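> Sequence first, then the predicted structure, then my questions.
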Amino acid sequence: MSVAPGYEWGNEAQEWPVIVTQATLTAVPSNIQFFFGNGAFTYFQQNNPATFNSLLDFNVNTSPGALAAFPIDPPSPGSVVQTVGSALNANNPDLTAFKGHGGKLVQYHGWADPLVASLNSVNHFNSVVAFEQQNGATNPLAETQSYYRLFMAPGMGHCGGGPGLNSFGQSGGSGPASSDMFTALETWVEQGIAPSQIIATNAPSATLTRPLCPYPQHATYTGSGSTSDAANFVCE
């Protein structure tokens, strides 16, 4: 049974230092993943900033059920006691209310992300497709993509950076819908035109362009022309 997906191969030297590797078990660890995990147990589970190295100070049962059942202390004001599983779970595939409201969701994730494993997004998208299938959709993928589209960016790190396709307006651009994710979302909401691809480049050099395709499609070379030009790729 998989508790959580691992990181993709091939970006270890480029993206892992400080975030995944170089861990030191001290009060100020150089490993960011340790910092986040340690903070979650310190402030959410134990609510005791004095025990900063809480992950080291007690025996943590890492089974999915036990982790999800950890109480959050203190609970949210006016609520019943919450647990990590009830309050910090963003994996619910039921987007029925969002879809019914006419919502449109465009999500992106870098395949070289060293902070949040890329397959988290892929797995979540697939779980929404599976939910639509269970609810009787004739074409569950098409039904899902009528309101939710996922774009995976090869070679991009966490939200940006990395040696690959790391720039496509995801930081709040104002370019055309063809190459700006924010404009593409706006066009989908206001004009009903869903993004079939988004042209990305490798900032800051901008020596490469290629289409990002709505998952599970991917960019395929047509067989002629420069492999650095998005015009020579199609989504399939």
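Yep, it's here.
> Chain neighbours aside, what residue packs nearest to residue 209?
residue 230 (4.0 Å; Cβ to Cβ, 6 or more residues apart in numbering). In short, each C-beta sits where N, CA and C put it, glycine included.
> Longest helix of the chain, counting residues only.
Across the chain, the longest stretch assigned as helix under DSSP state H is helix 119-134.
> got the buried residues for it?
Residues 119, 121-122, 124-126, 128-129, 131-132 are the ones in helix 119-134 that count as buried (16 or more other Cβ atoms under 10 Å).
> same check, this time on stretch 198-217
198-202, 208-215, 217.
> As a check, name the ranges of all strands in this structure.
Taking DSSP state E as the criterion, the chain contains strands spanning 105-110, 148-153, 198-201, 209-212, 219-221, 233-235.
> Make CSV from those strands and add distance to residue 12 and mean pLDDT to it.
Output for those, formatted as CSV (distance: least, Cβ to Cβ, whole Å; pLDDT from 0 to 100):
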stretch, distance to residue 12, mean pLDDT
strand 105-110, 15, 97
strand 148-153, 18, 98
strand 198-201, 23, 97
strand 209-212, 23, 98
strand 219-221, 24, 98
strand 233-235, 27, 98
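> just so I know, which of the ones you listed lies nearest residue 39?
Proximity to residue 39 (Cβ to Cβ) singles out strand 105-110 among these, at 22.7 Å.
> Report all helices and strands that the closest one contacts.
Secondary-structure packing of strand 105-110 (3 or more Cβ pairs under 8 Å, 6 or more residues apart in numbering; DSSP states H and E): helix 119-134, strand 148-153, helix 181-191.
> Now it: buried residues?
Going by 16+ other Cβ under 10 Å, strand 105-110 has these buried residues: 106, 108-110.
> what's around the residue nearest to residue 69 when sequence neighbours are not counted, how many residues?
Leaving aside its sequence neighbours, residue 69 sits nearest to residue 83 (Cβ to Cβ, 6+ apart; 5.4 Å). Applying other Cβ atoms under 10 Å, we find 18 residues neighbouring residue 83.
> What of residue 66?
By other Cβ under 10 Å, neighbour count at residue 66 equals 12.
> what about residue 186, distance to residue 180?
Residue 186 sits 9 Å away from residue 180, going by Cβ to Cβ, to the nearest Å.
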